[in-house]
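*Asks:* I would like to see how this sequence folds:
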Amino acid sequence: MNRTDTSSQPERIELPDSWNAHLLARRDRGAEPVAVDADAPRRLAELYAKWAWQTDRITAAVEHPDHIAAIAAAAEGRPDPLGAALRARIFLEARPRIGAGHTALLRDAWAAEHGIAFAAQATLELMSFQMYWRAKSNYNEDTLSVREVALVSLAHYDGVAHFAEPMRALLAGLPDAEHAAARDALAARRSDELRRFLTAVLMPDQADWVMDACDVYAAETHADYGCGILWSIMSTKEHLERSRIRRLVRHWNSAQALAIAADALGLDVLPILRPILSGEQDAHAELRDHTYELLSRMPSDEALAHLLGDLGNPHAMVAARAAVKRFPDRALGVLSRIVAETTGPGQARLAGFAKATGLLEPGPGRDAADQARVAELLAATRRHPVAAAPAVFTTPPWESFARIKAGAAIALTAPDVDELRWEEGEREAWREAVDEDSWLRSPTVWQRSGYTEPGNYLFVEYLAFGPEEGARIDVGKWDGEVRNSSPGTILALLSRHGEAVASHVLALVKKKPSYRKTLLPFVNVDAARLAADWAARSRTDRAMGRRWLDRHAADAASLLVPDAVGKPGRPRQVAEEALRHLAETDREMVLKAAAAYGGPAAAAVEASLDADPLDPRVARIPKAPAWADPAMLPQLLSVGRETALPDEALRTLLSALILDDPERPYPGVEVLAAECDPASLAGLSWSLFELWTASGSPSKDGWAMDQLGRFADEDAVRRLTALIREWPGKSQARRSVRGLEILGRIGTETSLRAVHSIAGNGKFKSLKKTASAQIEVIAERLELSLDELADRLVPDFGLDADAATVLDYGPRSFTIAFDEGLKPFVLDDKGKRRASAPKPAAADDAELAQAAYERFAALRKDLKTTSAEQVKRLEAAMVAGRTWSYEDFRRFMVDHALMWQLASRLVWQAEEGGAHVSFRLAEDRTLADAEDEPIELADTARVRLAHPVTLGAEAVEAWATVFADYEILQPFDQLARKVYVLLDEERATGRLERFEHNKVGAGPIVGLLKRGWKFGHPKGHTSGRSVYRDIDGAVNLIIDTEPGVYPGYDPGGEQTVAIHLRGIDSVDLGALDPVAVSEALHTVARLTRTV
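*Replies:* All right, here's what the predicted structure looks like:
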């Protein structure tokens, strides 16, 4: 049977070959005859006998007498269709797996022994019922009942159609006389709605049965969706309407459902695809992909119009390209109509698509008028005249350099060195490294059994931290696999076992970036290659790669020379770059290492060290991929914006961008970009990125996203930021990471602020973590601390720094003010406070008032997150004792339009020459003491937020009076903050019993881990159910819990806590930072409700 033969219906769809396996036989599609296996009765009898031990037990559980009798008659060789079906159902129940072969065997056995009409009736009965067990334990009680299938369940089940397929195929290929006999036999059993529906499944060529089945489906299921069994009977648009079906069931086997529906309905399948295409139906990725694949195969103007009208959708773009190849003439006609109805960028994209896909080229069947219409619109979208390309485009920066030829490679072998070289004290330090797995160092953890076998989830941790003697014996069992072992565990593992685990650990380092530090002691060619590769990647990887190269410089040079003169490719590129890095410190050492390999190698390495930056040193200059056709991109304008560069110049720029790499920038890009209008480059940059995504985001062309780091403007930054926030929820977490790195490279205040914002309030935990890491990279690059960077990233939202911000409504105006939490409100001209700006009134200037109203609404929305973040940041600065230079204090607190609103509600302290003075910010932004006298600070002063501990009780009282007199409300508890000190008994015993009287919920204890506390135990403390924090780096404040908590798991219930200090014997408690002590006890007091 040729399942895609459309000769009788020329407008049918040519489905993918891979879908043919899903298609069902149809008599009106030229079904081929099916031969009945004459040996099937014997084979079935043997299977029944083989499984009798199981089927007898099931049969004994059947409860209905008529069913018992029918099964017995069938077993004795005198079945009726119901008995044969019941016996078969019991057999299928007993079988662990049911395949199409079993249903085909049943069909052939029944047909060979009792005739095709009998087989059809038995199959109908087999499809009509299911067996239900009432007992919890099958086969032990008389609790098996036979019930008819609920028709509504068929709306969710594709399997019934294929269950019926063997019988259906046999019926479809019968001669007319036998087909009529089978039809009459089935007609006799059309006694209820279920069987009326299922007989249509078996014989969909019976038009009246199908129409009846559609009515039954609509009446019985009340569903507006269908799956395989429904598509198995349909063949016309009328069937869809009678069934009231408007969409596919959201089924995982979408290829199967789509194949059956498309084969049955042809072009009439399009209406049920619309909910998927419009986004109304939340389709999973497989169903969406198959839908667009199907659309690209439809010889339909409507299908083509949908694809061409949605070219910004990556699925639509890919499908549209495929559809144009299949139906170029039809596509040209459709495109010429819709391009004329489209405006703006969409029209340019459509016209460009026509050119890029060759629709404007001469060809048989192409309508010249359509081509002319599209060409005219394409020309209209290219408003700037094309001028000759500047010389740097006609003679690109790489033109004068010879390409690296494969034949120029020198085959060399690196030295056979393979060692672990530890720095002094390093191995011991790694044994004692503390991280989130530090609790595993407690001997009590390993008192239970089971950890000594590789299958245990803590086996690797056991090898790293468990009893020394046992771990030494069991280390040979390790196969190199890990589950979720922390970096500290892998450090400890290598430091303890050394060479015994080295090969496995190195393999892990290659796979898991979080283990990168473990590479440091390795000295072999694999480690050298890995370090060279890292040194050419992102900043975090690069730092560790260069750290290894610098530590093992002589060995690194010797090990990398063979790659640096070897075959062109990434290994050669990164090796050359690593040698250049080493040469910056010791060029002679690198040349000496190369000379050891002979003259040709030495000459090649020296040439590489002296290479011109504009020499890309590649075997061939890459060309832009087909999807990046200049016709699909906006014009690239030359400096002055009067003329556009020709398409060939744009292709040259694209080649340069392909050569460019974020970690290995190609300076030729800057040479070419200097001849282009910056705004035009920014527009081209975003359009190129959009075109890449619309073309399916081919991974090999990731440069199309990376180039945003060079040319993105503020608008592109905002749009990219929105996408970064969305991507993790669309299974594109890796792309969001790449996007964050791009924002970091852009380096504008807007882009850095976006990264900082995502780190603070991103929706996805992994995204926030990545953004936080990127913030660290940015701060390192700018040589700032994280706090200093955060100061620079606070937005001002367009507020006036030196004057009140006014909302102008024309005849009236309102002044924006803020409460203690940075929540904005407005004051009218009489000083009356309003929670929000009023809506424009008839007497207002319509344009001014509306703009002012919208500005306040946007401000309130933007401040909702920022205000809370800045309040927390300032409170944390007070607790940590952070200081600012006086210059930075004025710049980021006093003169900043937003931070001023908070800073003026707090008490500050300055230190200069050992003297301390406290002050506040007066309304005129001068400094005033507690007596309201102005003070001046020297430029060398250091400023911090005052803490009640550092102020002292008398100063706190004085300042509280000042703030009360001025009715100044504080954004957080500063002057009202309770001060805690250690009692004499607590200093003596280390036990803090005053906080132990109340039980505490497990959730709040685990929540401390987000506030700087750690889980486990500090060295020397044996509990594995503790949380703790350091006080001033010398003493540990420990909270033991019973029955215990664990990170990431809230067991519910309440915990009994024991709170004590560790390390008090070895330090002078009086020398501890009193603020740190007070804040630690303050946290414990709130946790235990001991206020």
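
*Asks:* Look up how far His997 lies from Glu985.
*Replies:* Between Glu985 and His997 the distance is 15 Å, computed by Cβ to Cβ, to the nearest Å. Just so you know, the C-beta spots here come from the backbone N, C-alpha and C atoms, and that holds for glycine as well.

*Asks:* hang on, I meant Ile71
*Replies:* From Ile71 to His997 the distance is 72 Å (Cβ to Cβ).

*Asks:* do the same with Ala554
*Replies:* 64 Å.

*Asks:* Looking at the two, which is more packed in?
*Replies:* Ala554 (13 against 10; other Cβ atoms under 10 Å).

*Asks:* So the closest residue to that one other than its chain neighbours: helix, strand or coil?
*Replies:* Distances taken as Cβ to Cβ, 6 or more residues apart in numbering place Met589 nearest to Ala554, at 6.1 Å, with adjacent residues excluded. Judged by DSSP: H, G, I helix; E, B strand; the rest coil, the three-state class of Met589 is helix.

*Asks:* Over to Leu1061?
*Replies:* strand.

*Asks:* Gly226 contacts Ile245, doesn't it?
*Replies:* Yes - between Gly226 and Ile245 a contact is recorded at 4.8 Å, counting by Cβ atoms under 8 Å.

*Asks:* Need the residues touching each of those two.
*Replies:* Ile272 (Cβ atoms under 8 Å, 6 or more residues apart in numbering).

*Asks:* More neighbours: those two, which one.
*Replies:* When Gly226 and Ile245 are compared for neighbours, Gly226 comes out ahead with 29 against 25, by other Cβ under 10 Å.

*Asks:* Now the more buried one. Its backbone dihedrals?
*Replies:* phi -150, psi 170 (degrees, to the nearest 10).

*Asks:* and it, how far is that from Met317?
*Replies:* As for Gly226, its distance to Met317 is 29 Å (criterion: Cβ to Cβ).

*Asks:* Also Gly1016?
*Replies:* 52 Å.

*Asks:* helices or strands next to the helix or strand containing Ile71 in the packing?
*Replies:* Per DSSP states H and E: Ile71 is located in helix 65-75. Counting contacts by 3 or more Cβ pairs under 8 Å, 6 or more residues apart in numbering; DSSP states H and E, helix 65-75 is packed against helix 81-94.

*Asks:* Contacts made by the helix it packs on with the rest, please.
*Replies:* Contacts of helix 81-94 (Cβ under 8 Å, 6+ apart): 47-48, 51, 54-55, 58-59, 62, 67, 69-75, 79, 98, 102, 106, 110, 114, 118, 121-126, 128-131, 146, 189.

*Asks:* again, only this time at 7 Å
*Replies:* 48, 51, 54-55, 58-59, 67, 70-71, 73-75, 98, 102, 106, 110, 118, 121-122, 125-126, 131, 146 (Cβ atoms under 7 Å, 6 or more residues apart in numbering).

*Asks:* I'd like to know which of the residues you listed are buried.
*Replies:* The neighbour count (16 or more other Cβ atoms under 10 Å) marks 48, 51, 54-55, 58-59, 67, 70-71, 73-75, 102, 106, 110, 118, 121-122, 125-126, 131, 146 as buried among the contacts of helix 81-94.

*Asks:* Please narrow those residues to those residing in helices.
*Replies:* 48, 54-55, 58-59, 67, 70-71, 73-75, 102, 106, 110, 118, 121-122, 125-126 (DSSP state H).

*Asks:* count of neighbours near Arg719?
*Replies:* By other Cβ under 10 Å, neighbour count at Arg719 equals 15.

*Asks:* per-domain residue ranges of the chain.
*Replies:* Per automatic domain parsing, the structural domains of the chain span 33-148, 301-379, 390-404+619-711, 419-521, 524-618, 806-965, 984-1087.

*Asks:* got TSV for the ones you listed, with distance to Ala779 and mean pLDDT too?
*Replies:* Below are the domains of the chain laid out as TSV (distance: least, Cβ to Cβ, whole Å; pLDDT from 0 to 100):
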stretch	distance to Ala779	mean pLDDT
domain 33-148	59	84
domain 301-379	35	85
domain 390-404+619-711	18	92
domain 419-521	20	83
domain 524-618	11	91
domain 806-965	15	90
domain 984-1087	19	82
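
*Asks:* Now the ones you listed in TSV, please, with extra columns for distance to Ile13.
*Replies:* Converted to TSV, those look like this (distance: least, Cβ to Cβ, whole Å):
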stretch	distance to Ile13
domain 33-148	25
domain 301-379	9
domain 390-404+619-711	22
domain 419-521	44
domain 524-618	44
domain 806-965	48
domain 984-1087	50
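
*Asks:* quick one, longest helix in the chain?
*Replies:* helix 846-880.

*Asks:* got a list of what Arg1025 touches?
*Replies:* Counting by Cβ under 7 Å, 6+ apart, Arg1025 has contacts 1040-1041, 1044-1045.

*Asks:* how near is Asp612 to Gly762?
*Replies:* 43 Å.

*Asks:* Who has more neighbours out of those two?
*Replies:* It is Gly762, of Asp612 and Gly762, that has more neighbours when counted by other Cβ under 10 Å, with 21 against 12.

*Asks:* surely the more buried one meets Trp727?
*Replies:* No - applying Cβ atoms under 7 Å, one finds Gly762 not in contact with Trp727, separated by 11.0 Å.

*Asks:* how far out from the middle of the chain is the helix or strand harbouring Arg274?
*Replies:* Here Arg274 sits within helix 270-278, counting by DSSP H and E. Relative to the centre of its chain, helix 270-278 is centred 27 Å away, using Cα atoms, centre = their mean, to the nearest Å.
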